[in-house]
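Participant: A predicted structure for the sequence below; I have some questions about it.
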Amino acid sequence: MAHGTGTGRVKRGMAEMLKGGVIMDVVNAEQAKIAEDAGAVAVMALERVPADIRAQGGVARMSDPDMIEKIKAAVTIPVMAKARIGHFVEAQVLQSLGVDYIDESEVLTPADYKNHIDKWAFTVPFVCGATNLGEALRRINEGAAMIRSKGEAGTGDVSNAMQHMREINGEIRRLSSLREDELYVAAKELQAPYELVKEVAENGKLPVVLFTAGGIATPADAALMMSMGADGVFIGSGIFKSGNPAQRAAACVRATTFWDDPKVIADASRGLGEAMVGINVADLPAPHRLAERGW
Amino acid sequence: MRVGVLALQGDVREHVSALIACGVYPTAVRRSQELDAVDALVIPGGESTTIAHLSKSFELFNPIKARIASGMPVYGSCAGMILLANQILDAKDGQEVFGGLDITVRRNAFGRQVDSFESDIAFADGSDVPLRAIFIRAPWVETKGLGVEVLAQIDSHPVAVRSSTILATSFHPELTGDHRIHRYFIEEVARGALKQVQ
């Protein structure tokens, strides 16, 4: 009986199970429990949420294994963790800890400014960020089993996430309109493998689940991204940097499921207290923009 | 026969496609009126805690529980199996389920995502052809009542079971192109049950 772990279907399938859900950044077991109780489909275990990474500066790295294990022990839902771009040893460590998904993330300081991790070499699946279709397909070619559109993490400003979702989906629509003999040049322009470009052109969608991330702070933000075609959302600083995390977390979960029902979103948005303090992406000097990391 | 897919969270789209391939055009169920309009229900894969949480928030939890108890045909894969079980092990504190199926299910029984796997299994629908089954942080059936029939197992753990009107699998037939499980649900479980009612 053929019995395979870490196959493409098992890795991509895991992401299919997260669809329609919210994945929340948490920094300790207590927050993880709040997230689980609020209906999160998974938690992202990290030492500092992006807003703090931004405020404190310095090199941001993989989290302490002790802290990841405490979070794993605290909840029954999947636990994800971040490795630096190109830092395959951090990824090996996270795999050995039994995390359920690795985010090769631009929110941490990149370890390699040329290469990303060879994700085919792992049993654990990876999610990677992308600002456009070419970047998404390069990550899938390296073995990513899930893509999230990048936003400007830790700002509470949804404009970048919006721009990147439009970019990715706009390029997919454009590919679908091309003649088959035009796909070769399209692949060259996207700097992506022809086979993947052809697959996207035929199916009108990525071959993996597409979530969105970065700057999502309110139920309406989550619903906006779902209506732009996201399969689900990551919320980082938006929940635990706000006035009432438990209530805001549950509200974002509801708005993600009923993204097409303004009445539900209105109800979910009532009395949530302070949202996270925002930073306008336009005010960020270019070297501090995280979404531009990765290539 | 009108079939619904519980569409609060999870791989709803894949179940919809599999049902369409079996000649059934399902509707999405997110509200109690939508539940009232269907004869049978599919509970998709996803996070069982999230699906339970959302069905409570939107006053769907008790109506689903009541419909299942009154004999509505229902099929659940993975999270769906957990939500249909009368008892669950390794659950979140206070985790609630619809229940109806006289089994005890162990959550994440095969391990975490690094242990998720696919495998050929024998499915007791009269065919000798093995079924490719995908297990993702999958549960298994730890114990079962007398009225529950085992349709497939792995290493002596039941992974597909049915009672008269309820079918549940630990694995995800909606992720493969093989629609035997969905066909079995429509033809053997749902049609049979609905005929008896009429």
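Facilitator: Nice, thanks for sending it over.
Participant: what parts of the stretch 151-295 of chain A come near chain B?
Facilitator: With Cβ under 8 Å from any Cβ of the partner chain as the criterion, the stretch 151-295 of chain A meets chain B at residues A:Ala250, A:Val253, A:Arg254, A:Thr257, A:Phe258. C-betas here are computed from N, CA, C, even on glycine.
Participant: so which of these sit within helices?
Facilitator: A:Ala250, A:Val253, A:Arg254, A:Thr257 (DSSP state H).
Participant: so who does the second one touch?
Facilitator: Put plainly, it is A:Val253. A:Gly21, A:Val22, A:Ala38, A:Gly39, A:Ala40, B:Thr50, B:His53, B:Leu54 (Cβ atoms under 8 Å, 6 or more residues apart in numbering or on different chains).
Participant: ok, for the last one, nearest residue in space, not its chain neighbours?
Facilitator: Read it as B:Leu54. B:Leu8 (4.1 Å; Cβ to Cβ, 6 or more residues apart in numbering or on different chains).
Participant: pLDDT value on A:Val43, please?
Facilitator: pLDDT for A:Val43: 98.
Participant: if you could redo that for A:Arg270, that was the one I meant.
Facilitator: pLDDT at A:Arg270 comes out at 95.
Participant: and the residue nearest to B:Leu54, how close does it get to B:Leu60?
Facilitator: 8 Å (Cβ to Cβ, to the nearest Å).
Participant: please say which of those two ends up with more neighbours.
Facilitator: Using other Cβ atoms under 10 Å in any protein chain shown, the more surrounded residue of B:Leu8 and B:Leu60 is B:Leu8, with 27 against 21.
Participant: so what's that one up against?
Facilitator: A:Gly20, A:Thr257, B:Arg30, B:Gly46, B:Thr50, B:Ile51, B:Leu54, B:Ser55, B:Phe58, B:Leu60.
Participant: can you rerun that using 7 Å?
Facilitator: A:Thr257, B:Arg30, B:Ile51, B:Leu54, B:Ser55 (Cβ atoms under 7 Å, 6 or more residues apart in numbering or on different chains).
Participant: mind checking which of those residues are in helices?
Facilitator: A:Thr257, B:Ile51, B:Leu54, B:Ser55.
Participant: from those residues, pick the one nearest A:Gly278.
Facilitator: A:Thr257 (24.9 Å; Cβ to Cβ).
Participant: check contacts around residue 83.
Facilitator: With no chain named, the answer covers chain A. A:Met62, A:Glu90, A:Ala91, A:Leu94, A:Ile102, A:Glu104.
Participant: I was after chain B.
Facilitator: B:Ile43, B:Ser48, B:Ile51, B:Ala52, B:Gly76, B:Val97, B:Phe98.
Participant: and those residues, which two are the farthest apart?
Facilitator: B:Ala52 and B:Gly76, at 12.2 Å, using Cβ to Cβ across the contacts of B:Leu83.
Participant: the two: which is more packed in?
Facilitator: B:Gly76 (28 against 22).
Participant: just the ones of the contacts of B:Leu83 in helices?
Facilitator: Short answer: the contacts of B:Leu83 in helices (DSSP H) are B:Ser48, B:Ile51, B:Ala52.
Participant: look up phi and psi at the residue positioned nearest the centre of chain A.
Facilitator: For chain A, the residue sitting closest to the mean C-alpha position, by Cα atoms, centre = their mean, is A:Arg148 at 4.0 Å. Dihedral pair for A:Arg148: phi -120, psi 140, per degrees, to the nearest 10.
Participant: if any of the ones in helices among the contacts of B:Leu8 are buried, put those into a PyMOL selection.
Facilitator: In PyMOL, selecting the buried portion of those, with burial taken from 16 or more other Cβ atoms under 10 Å in any protein chain shown, looks like this:
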select buried, (chain A and resi 257) or (chain B and resi 51+54+55)
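Participant: identify, from the ones in helices among the contacts of B:Leu8, the entry nearest to A:Glu292.
Facilitator: For those, the nearest to A:Glu292 is A:Thr257 (32.0 Å; Cβ to Cβ).
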